[in-house]
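Visitor: Sequence first, then the predicted structure, then my questions.
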Amino acid sequence: MAGYRILAHPILPVEEKYAFTFFWQGEPMKGLAGETIASALFANGVRTFGHHPKDGAALGIFCANGQCAQCTVLADGLAVKSCMTLVQPGIQVEPSDGLPSLPPVAPSSVAEMKPPPEVAVDCLIIGGGPAGLSAGVELGKLGASVLVVDDKHRLGGKLVLQTHRFFGSINACYAGTRGIDIATRLEEEVRQHASVDIWLNSIAVAVYSDQKVGVVRDGREYLGVKPKVLLVAAGAREKSLAFRGNTLPGVYGAGAFQTLVNRDLIRCADRLLIVGGGNVGLIAGYHALQAGIQVVGLVEALPECGGYKVHQDKLARFGVPIYTSHTVLSANGENHVESVTIAAIDANWTPVPGTERTFSCDTVLIAVGLDPVNEFFAKAVEFGLPAFAAGDAEEIAEASAAMFSGKIVGLKVGRALGYEVGEVPPDWIRTGEILKSKPGETQDEQLPAEADGQIIPVFHCSQEIPCNPCTSVCPQGNIYIDPDDIRKVPQYISERTGKECIGCEKCVTVCPGLAVTLVDYRKAGDPIVTLAFEFGKEALRKGDVVTVLDTAGNVLGNVRVVQTRIARATDRTMVVKVQAPREVARQIAGILVQQAEVSAPMEQYVERLTDDMIVCRCERVTLGEIKEIIQAGSRDINEIKALTRAGMGACGGKTCQPLILRAFREAGVPAEEVELNVARPLFVEVPLGVFAGLEQR
Amino acid sequence: MTEPVYDVIIIGAGSVGTPAAMFLAEAGFKTLVIDQFASVGQGANKAAIGGIRATHSDPAKIRLCLKSIEVFSTWQQQYGDNLEWIAGGYCFVAYRPREEKILKNLLAVQKEYQLNIEWLNREALLEAVPALNPEGLIGGTFSPDDGSASPMRSALAFYRRAREKGAVFQFGEKVTGILTVRGRVQGVHTNQGTYSCGSVINAAGPWAREVAETVGLDVLVVPDSHEGGVSEPVAPFLRPMLVDIRQTSDSANYYFYQHATGQIIFCITPAPPMVGTDRRETSAFLPQVSRRMVNLVPRLCNLRVRRTWRGLYPMTPDGFPIVGLAPEVEGYVHAVGMCGQGYMLGPGVGDLLVRLIQGNLTANDDEVLRGLRPDRPFRGQEKLK
């Protein structure tokens, strides 16, 4: 087997890393410095990490974010989350099958224990992602003592997973720059401030009633942090979905997928299906294609995808079918996903018999929305500790909005700390609101008139979303979006400016939606269409014949590539020129990447008969069990927990609580009648030795 | 109001009220249970860590808990529900002559009541509990018939059986008053209505004093709180409940055991006590209990803590429960002040309450109730809380 590491990527740099041997079930495997155990196993083709002690169900990666414990393995005899633990030379990794045993320890090795040290800071920021770092920068400018804790090994949060250019505006949030590069810039910016301290691989585990926050630093040392103000910028967690086979290894979150593919450069799947047409799902599809992974389709329950239309169009143009008003019926397989079955749903969300289709694939990505990680905030409020939330922890939105939200909240924290920073400027608040806004109206696509002797841009961008970098880069000032409301669609205003397009291609390369083309009528013969293409240097060559498609992904025909160019200025985006017949030139919006055979369903659909629609993954509790208890009259999630153990597992109800609430909703029980689960520490499991202050572990 | 609708109304569907309802319903009493929370066992019951022992040092608790152990240990056989009962025993450890002396003195009393408990010297104890830190270990007591079970599962099982036998439960309802006529209980007012009855049992645990006040009685139950925690499950390696009664500057005893699920469940008694009903988590608990547990069983250093909580101990001045008829109000029964042992005492107390209400007490019952009388002087002090 060639291995599943990505050796070349159109956007991401593939660095040479120190390689070493580790062992899986005694077999030597290659690991790389800085790689998590989970990624190292994936890189070696291992995707099933253990079996559940309750029913022997196969377990694998699920959140890839340290939140659940589905990826637990034994590393040198100790149970660890493989997605958070770095692989080490010589380490013996074993599957977690049944209960792990606790190895004896010499009494002398626990002789030295100490109470946890305390650290006082002005502001503790939980989460070094777009919101936390932006707030850190604002507070750093004020000279406030700030501690940023982040549970990952590098800063940037989910920005480091984003290979695409960002929406928003250049002034407010680095629009047009790739997420991964924004992470680097924000980190550089925050590190300039001496009063901001950063602890990586460090996780907040509880906010206590005495207003201290327990933090495990670098996985080893437990400290009590006493902040004057707490800022929770811990982001979001992915929602889950109950369907048959939903816990099979190979079913996991789209965010988890992006972590494996874009952070760890692992080709973690060969073929996948995406469930959910929000931005996360749509972007995950794009990231899959960029990583050389086939996408058999995207399923969305609503009649329309909820994500940006430009993302959806982009995916459709690459050849990925989008099934709206469809749902996933089952993931099929024994130890791992082998196929997935979907069906159309009617207006009552009921699958329509006869519409079932099964696709052969090894992975199903769940992208059905996000929930804020706001439990620290709730506890701080309960305990009277001054607290703020920013980014997704406050309200789920794009990372561009998270950055701006962090900036605003940074100022608010500054005020709470007594700095004279004045009110948050009203235009900041308005920008923040605009960036957070959901997609608005979609207009019919307006193609410009043919323009003999000229070159003109075509905007395949007809939905109102907060984005305007095209207007900022046009040297002629020919692209207009109302600066007071960047959600409007772009207009070409050369008649108003009296200037002509010079064909600089800047709008083509900066557009996050890859939705701008240039049509050049300046030479005789068929016009030349310029498009942006992000599949690496080798993807296309002059002379290739490619299939071109319109905005929505309808095939327009085959045309010849006349030029390709990747330059420093285009920043890894290939500028492709094709010569196309006049009647289709303006409609061309993209180049087909994935052939139709990939997304063809299997001849016969597969029906999964096992009743394993799991709600609580940690304790293996099915939806059927939960429904039965609700039908019997229970209105208390605590009672459901006591009866079934749902929520008693390692993740502490992070995954099942929203699913249980959904089961109540579907049973017609009003939300106010449901007694919620009591939130308790810890946020993640921590060894007793860490709390005991053992010097060496 | 004419005929009583219920024979007995129990206030509190917790560790004591739920098994009491079961036994009363089984005995044919028309029983209603009223609880302020949304479902069974949501007060102090679910905060209990699940230890069950008869090896106390007074006849009342010994007898009550022997009955409880009989109920817990035979339940699955009899009714099918798995209460996660394990007869793992209790082990009180001694690392200093001081504790050795205390435990050996108690042992003499416990032996008097024919309890199955022995002193194990260092070697024997290490054989019984190999995970113990051998350094400085003198020995300890071991009582193999004690054990543990799941408080939540038990409450649910008693609840199911009580309802099968006709008991009625009203949840999310708070008692606001107890109706008496000429010094005799007639019924119970709640925030949602009025129920008539012949007898009322106060089984309101940490909230017992508030409930008693509604009938004009002052029952000396003051809650304090302990924090507890539960770990990830690991393969079985620790059989008994370990109890370490060494005092430190900030804690009295602490105890932990490996539950049937493989999880270690632990608890510490803070010193001085945290009096009141505050159940919010403190930063002190985990570092404090971890150092002590890791010191006692070194391998626990690698055990991951999953969750913590804080539960209420309804304490009485002398550390013994208050169980019996109220001399002041006819038809009013105290079953309160379990001092953190309501779970292990519950079935025994419930069983006794049937005979108390029937007026059918045995000589043993009389002995038990003598020690728990509501009108006792509260001068003594429980030796082994």
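Guide: Alright, I've got the coordinates. From a predicted model like this one, the values you see are computed outputs, not experimental measurements.

Visitor: Show me what counts as buried in the helix or strand of chain A with the lowest mean pLDDT.
Guide: Of all the helices and strands that make up chain A, the one with the lowest confidence by mean pLDDT, DSSP states H and E is helix A:170-173; it has a mean of 85. Residues A:170, A:172, A:173 are the ones in helix A:170-173 that count as buried (16 or more other C-beta atoms under 10 Å in any protein chain shown). Every C-beta, even on glycine, is put in place using the N, C-alpha and C of the backbone.

Visitor: Show me how far it is from its chain's centre.
Guide: 21 Å (C-alpha atoms, centre = their mean, to the nearest Å).

Visitor: Contacts made by that helix with the rest, please.
Guide: A:166, A:176, A:182, A:400, A:401, A:403, A:404, A:431, A:435, A:468, A:469, A:472 (C-beta atoms under 8 Å, 6 or more residues apart in numbering or on different chains).

Visitor: Now do the contacts for the fourth one.
Guide: Neighbouring residues of residue A:400 by C-beta under 8 Å, 6+ apart: A:130, A:166, A:167, A:168, A:172, A:173, A:174, A:175, A:435, A:466.

Visitor: Looking at the last one now. What's its pLDDT?
Guide: On the pLDDT scale, residue A:466 is placed at 94.

Visitor: I'd like the distance between residue A:273 and residue A:397.
Guide: 26 Å (C-beta to C-beta, to the nearest Å).

Visitor: Please say which of those two ends up with more neighbours.
Guide: residue A:273 (30 against 22; other C-beta atoms under 10 Å in any protein chain shown).

Visitor: Run a quick neighbour tally on residue A:442.
Guide: Neighbours around residue A:442, by other C-beta under 10 Å: 13.

Visitor: ditto for residue A:496
Guide: With other C-beta under 10 Å as criterion, residue A:496 counts 11.

Visitor: so what's it closest to, chain neighbours aside?
Guide: residue A:480 (7.7 Å; C-beta to C-beta, 6 or more residues apart in numbering or on different chains).

Visitor: Identify the residues contacting that neighbour.
Guide: A:471, A:490, A:491, A:492, A:493, A:496.

Visitor: and the first one, helix, strand or coil?
Guide: Think residue A:471. helix (DSSP: H, G, I helix; E, B strand; the rest coil).

Visitor: and what of residue B:368?
Guide: Per three-state DSSP, residue B:368 ends up helix.

Visitor: Looks like residue A:566 contacts residue A:540 (just checking).
Guide: No - between residue A:566 and residue A:540 there is no contact under C-beta atoms under 8 Å: 10.2 Å.

Visitor: shared neighbours of the two, anything?
Guide: Taking C-beta under 8 Å, 6+ apart as the criterion, residue A:566 and residue A:540 both touch residue A:574.

Visitor: from the stretch 351-500 of chain A, which residue is nearest to chain B?
Guide: Here the stretch 351-500 of chain A gets closest to chain B at one residue, residue A:383, 6.6 Å apart by C-beta to the nearest C-beta.

Visitor: phi, psi of that residue?
Guide: phi -90, psi 10 (degrees, to the nearest 10).

Visitor: residues touching the residue nearest to it when sequence neighbours are not counted, list them.
Guide: Leaving aside its chain neighbours, residue A:383 sits nearest to residue A:209 (4.8 Å; criterion: C-beta to C-beta, 6+ apart). Applying C-beta under 8 Å, 6+ apart, we find residue A:209 in contact with A:383, B:278, B:280, B:281, B:282.

Visitor: if we go to 7 Å?
Guide: Residues in contact with residue A:209 (C-beta atoms under 7 Å, 6 or more residues apart in numbering or on different chains) are A:383, B:280, B:281, B:282.

Visitor: Over to residue A:285?
Guide: A:274, A:295, A:298, A:315, A:320.

Visitor: Need phi/psi at the second one.
Guide: In this entry, residue A:295 is assigned phi and psi values of phi -120, psi 110 (degrees, to the nearest 10).

Visitor: Model confidence at it, what's the number?
Guide: Looking at residue A:295, its pLDDT reads 98.

Visitor: Name the residues linked to it by a beta bridge.
Guide: Beta-bridge partners for residue A:295, by DSSP bridges, are residue A:272.

Visitor: can you tell me the distance between the two ends of stretch A:101-112?
Guide: Using C-alpha to C-alpha, to the nearest Å, one end of stretch A:101-112 lies 24 Å from the other.

Visitor: Could you list the domains of the chain?
Guide: Here I'm looking at chain A. For chain A, automatic domain parsing gives the domain ranges A:18-104, A:118-236+A:372-436, A:455-598, A:616-673.

Visitor: You answered for a different chain; I wanted chain B.
Guide: B:6-67+B:151-221+B:318-371, B:87-146+B:223-314.

Visitor: Neighbours of residue 205, how many?
Guide: You didn't say which chain, so I picked chain A. 21.

Visitor: ah, no, chain B please
Guide: When neighbours are counted by other C-beta under 10 Å, residue B:205 comes out with 27.

Visitor: Provide a list of residues in contact with it.
Guide: B:12, B:14, B:43, B:44, B:314, B:342.

Visitor: try 8 Å this time
Guide: Applying C-beta under 8 Å, 6+ apart, the residues near residue B:205 are B:12, B:14, B:15, B:16, B:43, B:44, B:45, B:312, B:314, B:336, B:338, B:342.

Visitor: Pick the one among those closest to chain A.
Guide: Nearest to chain A out of those is residue B:45 (C-beta to the nearest C-beta; 9.5 Å).

Visitor: for chain B, what are the nearby residues on the stretch 351-500 of chain A?
Guide: Residues of the stretch 351-500 of chain A lying close to chain B by C-beta under 8 Å from any C-beta of the partner chain are A:382, A:383.

Visitor: all helices of the stretch 351-500 of chain A, in order?
Guide: A:375-382, A:399-416, A:426-436, A:469-473, A:494-497 (DSSP state H, counting those that start in this stretch).

Visitor: what mean pLDDT does the helix or strand that the last one is followed by have?
Guide: Going back to what we said before, that points to helix A:494-497. Using DSSP states H and E, the helix or strand that follows helix A:494-497 towards the C-terminus is helix A:506-510. Throughout helix A:506-510, pLDDT has a mean value of 96.

Visitor: Same check on stretch A:590-606?
Guide: For stretch A:590-606, mean pLDDT is 95.

Visitor: repeat for stretch A:244-260
Guide: Mean predicted confidence for stretch A:244-260 is 97.

Visitor: Straight-line length of it, end to end?
Guide: Start-to-end, stretch A:244-260 (C-alpha to C-alpha) is 24 Å.

Visitor: just how off-centre is it within its chain?
Guide: Per C-alpha atoms, centre = their mean, the centroid offset for stretch A:244-260 relative to its chain is 12 Å.

Visitor: Kindly report the same for stretch B:355-374.
Guide: 19 Å.

Visitor: And for it, what's in contact with it?
Guide: B:7-8, B:24, B:27, B:29, B:58-60, B:63-64, B:199, B:219, B:320-327, B:333-334, B:352.

Visitor: Show me which of those are buried.
Guide: B:7-8, B:24, B:27, B:29, B:58-60, B:63-64, B:199, B:219, B:320-326, B:333-334, B:352.

Visitor: Who are the contact partners of the nearest residue to residue A:252 once chain neighbours are set aside?
Guide: Leaving aside its sequence neighbours, residue A:252 sits nearest to residue A:62 (C-beta to C-beta, 6+ apart; 5.0 Å). Residues near residue A:62 by C-beta under 8 Å, 6+ apart: A:68, A:70, A:71, A:247, A:251, A:252, A:253, A:256, A:617.

Visitor: which one among the residues you listed gets closest to residue B:193?
Guide: residue A:617 (42.1 Å; C-beta to C-beta).

Visitor: Surely the closest one touches residue A:70?
Guide: Yes - here residue A:617 reaches residue A:70: they are 6.0 Å apart, a contact under C-beta under 8 Å.
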